[in-house]
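Colleague: sequence plus the predicted model coming up.
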Amino acid sequence: MDLLVGRIPFLVCAPFFHGFLGREHEFPHVRFVDGPPSEHSRGLRAGTIHLSPASSITFAQKPGAFVLSPRLCTSCSFEVRSVKLFSRFPIEDLGGKMVRLTSQSQTSVALLKILLQERYRVQPHFIQGLAAEPGDDACLLIGDLALEETERNRFAYSYDLGTLWQDWQGTPFVFGAWIIEKAALGAELRPILENYLYETERSIEAFRADPAAALDRWISRFPMNLDKKSVLDYYKIIDYHFTDERKDSLEVFFSYAAKLGLIEKAPTLEFL
């Protein structure tokens with residue numbers, strides 16, 4: 001039986017996965033499934049993958065089905081850069097405006113809705129889409145698309161959602177968590193799972209030790225349309241440690257999501 005791992009081919013997730021590239025034969029019972037966070041959220045809920053650094057909100061969408069890695073997440077201190085609202089108007093003036101929401105991450109969409117309603121007290125009209133359209137008043141983009149849109153500089157205003165949350169709540173936001181389906185905790189898969197998570201931590205350490213070489217390895221498999229220097233600078237602000245402060249922040253996020261009806265109820269965090 002294989003451990004099915006949802007791999008997200010975004011630059012933000014490169015530290016998690018680059019260490020396995022070219023070494024897949026060393027992990028014969030691990031199989032990677034590539035896709036964006038939203039796809040892996042569906043896979044986790046459907047039981048078609050066992051774990052992924054998926055959108056944090058996934059944990060709350062199927063209560064009791066998952067545990068979290070206690071050590072790994074995708075977070076930042078203030079600026080995250082790869083989750084941004086691009087706007088032709090100041091954020092406080094977006095009431096009644098058309099705001100396009102990324103289809104790639106439910107957590108980022110939920111976070112934006114919480115910020116707009118609870119912090120800024122505005123209610124735009126939301127439309128779905130992958131990327132910015134010419135007629136958009138504003139759009140929410142994540143991952144490489146957000147990094148690329150920043151380089152284009154087509155919007156008068158841009159807002160980093162990590163910064164907006166930390167300015168408001170005083171804690172870093174957790175965009176992604178390693179969500180593990182409980183089927184992977186059985187006797188057959190658990191040793192494979194635990195070894196995989198150990199190797200993931202080693203992958204992060206290797207990336208931090210030589211990010212330029214690690215990034216070269218990553219983009220040889222997953223090409224990018226960004227300047228390498230700016231990408232290396234981006235990694236200086238991303239943090240993958242699931243600290244107690246970040247766990248508290250995730251619980252606050254879930255409480256707001258439940259208040260707004262984005263999830264049924266705020267779950268109790270459960271760890272491996």
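Modeller: Looks like it came in fine.

Colleague: state the pLDDT value of residue 131.
Modeller: We have a pLDDT of 79 for residue 131.

Colleague: that one is in contact with residue 145, isn't it?
Modeller: Yes: Residue 131 lies in contact with residue 145 (C-beta atoms under 8 Å); the separation is 5.8 Å. No exception for glycine: its C-beta is placed from N, CA and C like everyone else's.

Colleague: between those two, who's got more neighbours?
Modeller: residue 145 (19 against 14; other C-beta atoms under 10 Å).

Colleague: which of the three states applies to that one?
Modeller: helix (DSSP: H, G, I helix; E, B strand; the rest coil).

Colleague: now do the contacts for it.
Modeller: 102, 104, 130, 131 (C-beta atoms under 8 Å, 6 or more residues apart in numbering).

Colleague: of all the residues you listed, which two lie farthest apart?
Modeller: The span of those, defined through C-beta to C-beta, is set by 104 and 131 at 9.8 Å.

Colleague: span of stretch 109-121 from start to end?
Modeller: Stretch 109-121 has an end-to-end distance of 16 Å (C-alpha to C-alpha, to the nearest Å).

Colleague: may I see the buried residues of it?
Modeller: For stretch 109-121, the neighbour count (16 or more other C-beta atoms under 10 Å) marks 109, 110, 111, 112, 113, 114, 115, 116, 119, 120 as buried.

Colleague: mind putting those into JSON lines with secondary structure, distance to residue 70 and pLDDT?
Modeller: Listed next are these as JSON lines, based on DSSP: H, G, I helix; E, B strand; the rest coil; distance: C-beta to C-beta, whole Å; pLDDT from 0 to 100:
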{"residue": "109", "secondary structure": "helix", "distance to residue 70": "26", "pLDDT": "95"}
{"residue": "110", "secondary structure": "helix", "distance to residue 70": "23", "pLDDT": "97"}
{"residue": "111", "secondary structure": "helix", "distance to residue 70": "22", "pLDDT": "97"}
{"residue": "112", "secondary structure": "helix", "distance to residue 70": "28", "pLDDT": "97"}
{"residue": "113", "secondary structure": "helix", "distance to residue 70": "28", "pLDDT": "98"}
{"residue": "114", "secondary structure": "helix", "distance to residue 70": "25", "pLDDT": "98"}
{"residue": "115", "secondary structure": "helix", "distance to residue 70": "27", "pLDDT": "98"}
{"residue": "116", "secondary structure": "helix", "distance to residue 70": "32", "pLDDT": "98"}
{"residue": "119", "secondary structure": "helix", "distance to residue 70": "29", "pLDDT": "98"}
{"residue": "120", "secondary structure": "coil", "distance to residue 70": "34", "pLDDT": "98"}
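
Colleague: make TSV from these and add distance to residue 255 to it.
Modeller: Below are the buried residues of stretch 109-121 laid out as TSV (distance: C-beta to C-beta, whole Å):
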residue	distance to residue 255
109	17
110	12
111	13
112	17
113	14
114	10
115	14
116	17
119	14
120	18
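
Colleague: ok, those residues vs residue 239, which is closest?
Modeller: Nearest member of the buried residues of stretch 109-121 to residue 239, counting by C-beta to C-beta, is residue 111, at 17.0 Å.

Colleague: how near is the closest one to residue 105?
Modeller: Computed as C-beta to C-beta, to the nearest Å, the residue 111 to residue 105 distance reads 9 Å.

Colleague: hey, where'd the strands end up in the stretch 51-200 of the chain?
Modeller: 51-55, 66-76, 83-87, 98-102, 125-129, 138-142, 157-160, 174-181 (DSSP state E, counting those that start in this stretch).

Colleague: of the ones you listed, flag the one that's most buried.
Modeller: Counting by mean count of other C-beta atoms under 10 Å, strand 51-55 has the highest mean neighbour count of the strands of the stretch 51-200 of the chain, with a mean of 29.

Colleague: who does that one touch, helix- and strand-wise?
Modeller: Here strand 51-55 touches strand 3-7, helix 37-46, strand 66-76, helix 106-114, strand 174-181, going by 3 or more C-beta pairs under 8 Å, 6 or more residues apart in numbering; DSSP states H and E.
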